[in-house]
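In: only geometry, no sequence info:
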């Protein structure tokens, strides 16, 4: 079988697996967030945080819970890293203040950007009690915000959005933990390492001795992908054979990245009482995901250069056990979500292939996006699309029975523009500071692409990188950390404010003049809005980087 047909086979298996679990998982998450019963473990959590699970919260209280929990998480994770020498299983490793600051914000914001070598810096206790825990709860926070926004379309003349502590706890305990537990066992069975040793001594072919690092990889790998986190327990991430040893684990990890964001569209449809609404969102996500997959895959197999022609494809930076198809599928999926895990060196992608990964993030990582973040991001774009449609026909825009006035559109605009502002201001400021360009390991357009990718990844809470740039100085550690925080919490605050405004409205019945949103026309408008916003915002910057490189 040719590599091309093998690639189509992988995509077919992936889509079939997603189709099989779409309804049951989506319906299960609907039951999770509408159930009136609390598990015993959940009651213990509510008692610890002194939360009343029966009370619903105003959007400001809900937002305070998100920010307060995240602040405490940043502080705890920072201190845990700094106190690593006092912890067991530290193997004599220490964490510098700048790295600890950047990593704390990185994992709490679901970014998982790593400016360090994990197997040489982090001990096992910090990996398990710090980073892995944040992999669960940071995904839980995104899921909670998406559910709160969805409730806003259902509630009528209410100032309540649910309870943050209930949503966070249920998402973590009932959705993420069980799935991560099951798939950790599956990955171990397929060869992923799970060990508390620091390493194993091996004899090299030349007779010299060396040590191969070991870690509890399988337990972190599952939630790394399932929670759209992306931080690897090894520096090579999912290209490391201990994290991703073969084609089957590669396909399972891609499935884990997509399964919750995809199934959440079903949950959304069930919650608003119209599953067709979820199918419309899913169709837009799928077209954007598939379109960029075609761009990346084609560019990696049809590019100039003598070395590429001799190899038959752009195999530099790829693992031969995955090939072009498996690498392109992973690269597209990890940047279309907020995952950031890699099984190939994105810095070695062709100009057009790098463009594909960048534009995935610049869409707002909503195709299908991260756990929760993808759903609320595409709903923000749906509101923008309806507002534009209302301007064209001279009617007050509505979406799912809620009128979109000044406050709603302002909140949606802030949520939409926070990421581009962080990307462009961050990258521009970095270029102006003397000495920062010394971090580039490549000249010209590709060097600029490395910088643009870094701030795009941080501001979108993705975490992947064009690894040719060295971001270990204080400027990059600090500014990328700030971009992670602003790129995460500004949209969340805007989304919750939007949710509060929508929930307070009376639901408006559809009339003959209402634009149907469960239709191909609206899907086309929504997809066009996503592409148009990204193009108007980022094309000038892309022209200086990956587009210039591709044309060269």
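Out: It's in. Please read all numbers here as calculations on a predicted model, not as lab measurements.
In: name the residues of the helix or strand hosting residue 384 that are buried.
Out: Using DSSP states H and E, the element containing residue 384 is helix 373-393. By neighbour count on 16 or more other CB atoms under 10 Å, the buried set for helix 373-393 is 373-387, 389-390. For glycine as for every other residue, the C-beta is placed from the backbone atoms N, C-alpha and C.
In: next secondary structure after that helix?
Out: strand 398-399.
In: what does that following strand rub up against?
Out: 153, 382, 383, 386, 390, 404, 508, 514, 515, 517 (CB atoms under 8 Å, 6 or more residues apart in numbering).
In: swap in stretch 170-188?
Out: 28-29, 32-33, 35, 39, 41-42, 45, 136-137, 139-140, 143-144, 147, 194, 218-219, 221-223, 226-227, 249, 252, 256, 260, 371-372.
In: that one: which residues count as buried?
Out: Those would be 170-177, 179-180, 183-184, 187-188, for stretch 170-188 by 16+ other CB under 10 Å.
In: and those residues, which of them are in helices?
Out: Applying DSSP state H to the buried residues of stretch 170-188, the entries found in helices are 170, 177, 179, 180, 183, 184, 187, 188.
In: confirm for me that residue 56 is in contact with residue 159.
Out: No: Residue 56 is beyond contact range of residue 159, at 9.1 Å (criterion: CB atoms under 8 Å).
In: of these two, which one has the most company?
Out: residue 56 (18 against 15; other CB atoms under 10 Å).
In: give me the pLDDT for the more buried one.
Out: With respect to pLDDT, residue 56 scores 95.
In: please enumerate the helices of the stretch 101-250 of the chain.
Out: If DSSP state H, counting those that start in this stretch is used as the criterion, the helices of the stretch 101-250 of the chain fall at 118-121, 124-125, 133-154, 164-170, 177-189, 217-226, 247-272.
In: in the last one, what counts as buried?
Out: It stands for helix 247-272. 249-272.
In: can you list the residues that contact stretch 150-158?
Out: By CB under 8 Å, 6+ apart, stretch 150-158 touches 161-162, 267-268, 271-273, 375, 379, 399-402, 498-507.
In: neighbours around the closest residue to residue 330 other than its chain neighbours, how many?
Out: Counting by CB to CB, 6 or more residues apart in numbering, residue 330 lies nearest to residue 343, which is 4.5 Å off, once chain neighbours are set aside. Here the count is done by other CB under 10 Å, and residue 343 has 25 residues near it.
In: do I have it right that residue 447 meets residue 470?
Out: No: with contacts counted by CB under 8 Å, residue 447 stays clear of residue 470, the gap being 11.5 Å.
In: where do the contact lists of these two overlap?
Out: Contacts common to residue 447 and residue 470, judged by CB under 8 Å, 6+ apart, are residue 441.
In: so where's this protein uncertain?
Out: 1, 304-312 (pLDDT under 70).
In: residue 321: which of the contacts of strand 398-399 is nearest?
Out: residue 382 (40.0 Å; CB to CB).
In: relative to residue 526, how far out is the closest one?
Out: Distance, residue 382 to residue 526, by CB to CB, to the nearest Å: 6 Å.
In: who touches both of these two?
Out: residue 281.
In: which stretches in the stretch 351-500 of the chain count as strands?
Out: 398-399, 402-403 (DSSP state E, counting those that start in this stretch).
In: can I get those strands in JSON lines with distance to residue 60 and mean neighbour count?
Out: Listed next are the strands of the stretch 351-500 of the chain as JSON lines, based on distance: least, CB to CB, whole Å; neighbours: other CB atoms under 10 Å:
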{"stretch": "strand 398-399", "distance to residue 60": "23", "mean neighbour count": "22"}
{"stretch": "strand 402-403", "distance to residue 60": "19", "mean neighbour count": "20"}
